[in-house]
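Chemist: missing the sequence, but the structure's below:
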């Protein structure tokens, strides 16, 4: 009887101890659970504020032209010349570089623009020409087409445009500048405007270029005459329609004369082509 009671008591004690041990040991599942009061972690992506974008500034060369009181002419350089080139290119009159250099190509474009738009044709960009260049494109006359059937070339037209800008310039023996020309000095200066170095005297100019028959003359060709001494001693630039432009001692200025004039018919020597 005593043994039986001892066994029962021992079993009961072991049962109580076992329950206490398991109650203190949390389950694996509960070990992984986060406390209910744990603070939540929020990831915030910080995006830097974009800088305020400024509108692109216009190219100064595309801004309207303004007359400063000083005309732009051959040999000048700078932003105002580049503006003129930009306008002329937009209107179809200029095909060269936008370099701000008022050279022969710019001069020719200005001259042609003035002629086509009923302006004073002098190749100088003054107040009236600037006002015309600022007009809307639809109010500008289109550049004239080159008429090959009449014997015109692009280069010849450029030479002719430069030559005509000096109409009325005084004849000065030995002159080779806008203040005064002799016949060969006039030719020398015109071709220098195109960046071409040719001999200074008429007989030397007769040695360069390609010979041209009289019936095949084109605008811009050089025409030579034997006047005060044997050989080529006078020279001019053929214009077309049987006329040439030259610095004439008889007229005392740069003038236009017909090749059919008896004096020049008798003294005509030949022609040379230097531009195409």
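Modeler: In hand now; what should we look at? Source: prediction; values computed, not measured. Numbers count the residues shown, from 1 in each chain.
Chemist: surely residue 253 meets residue 175?
Modeler: No - the criterion here is Cβ atoms under 8 Å, and residue 253 misses it with residue 175 at 11.4 Å. (Glycine included, C-beta is placed from N, CA and C.)
Chemist: what residues are shared contacts of the two?
Modeler: Common neighbours of residue 253 and residue 175 (criterion: Cβ atoms under 8 Å, 6 or more residues apart in numbering): residue 247.
Chemist: helices and strands of the chain: which one bottoms out on pLDDT?
Modeler: Sorting the helices and strands of the chain by mean pLDDT, DSSP states H and E puts helix 28-32 at the bottom, at a mean of 48.
Chemist: which secondary structure elements does the helix or strand just after that one contact?
Modeler: Once helix 28-32 ends, the next helix or strand along the chain (criterion: DSSP states H and E) is helix 79-91. Applying 3 or more Cβ pairs under 8 Å, 6 or more residues apart in numbering; DSSP states H and E, one finds that helix 79-91 contacts helix 104-116, helix 127-133.
Chemist: find me the pLDDT at the residue sitting nearest the centre point of the chain, would you?
Modeler: Most central in the chain under Cα atoms, centre = their mean is residue 98, positioned 2.3 Å from the mean C-alpha point. pLDDT, residue 98: 92.
Chemist: check residue 110 too.
Modeler: Predicted confidence (pLDDT) for residue 110: 87.
Chemist: same thing with residue 196?
Modeler: The per-residue pLDDT of residue 196 was computed as 90.
Chemist: give me every residue that touches the closest residue to residue 158 other than its chain neighbours.
Modeler: Spatial nearest neighbour of residue 158, chain neighbours left out: residue 108 (3.9 Å); criterion: Cβ to Cβ, 6 or more residues apart in numbering. By Cβ under 8 Å, 6+ apart, the contact set of residue 108 is 123, 157, 158, 161, 162.
Chemist: then residue 172?
Modeler: Here residue 172 is in contact with 179, 180, 181, 182 (criterion: Cβ under 8 Å, 6+ apart).
Chemist: from residue 206, how far out is it?
Modeler: Here the criterion is Cβ to Cβ, to the nearest Å. By it, residue 172 lies 22 Å from residue 206.
Chemist: what does residue 130 give?
Modeler: As defined by Cβ to Cβ, residue 130 lies at a distance of 41 Å from residue 206.
Chemist: how about residue 183?
Modeler: The gap separating residue 183 from residue 206 is 12 Å, by Cβ to Cβ.
Chemist: now the common contact residues for the two.
Modeler: residue 235.
Chemist: just want to know which of the two has more residues nearby.
Modeler: Comparing residue 183 with residue 206 by neighbour count (other Cβ atoms under 10 Å), the higher total belongs to residue 183, at 25 against 21.
Chemist: who are the contact partners of that one?
Modeler: Residues near residue 183 by Cβ under 8 Å, 6+ apart: 202, 234, 235, 236, 246, 247, 248, 249.
Chemist: try 10 Å
Modeler: Applying Cβ atoms under 10 Å, 6 or more residues apart in numbering to residue 183 gives the contacts 171, 173, 175, 201-202, 205, 224-225, 227, 233-236, 246-249, 254.
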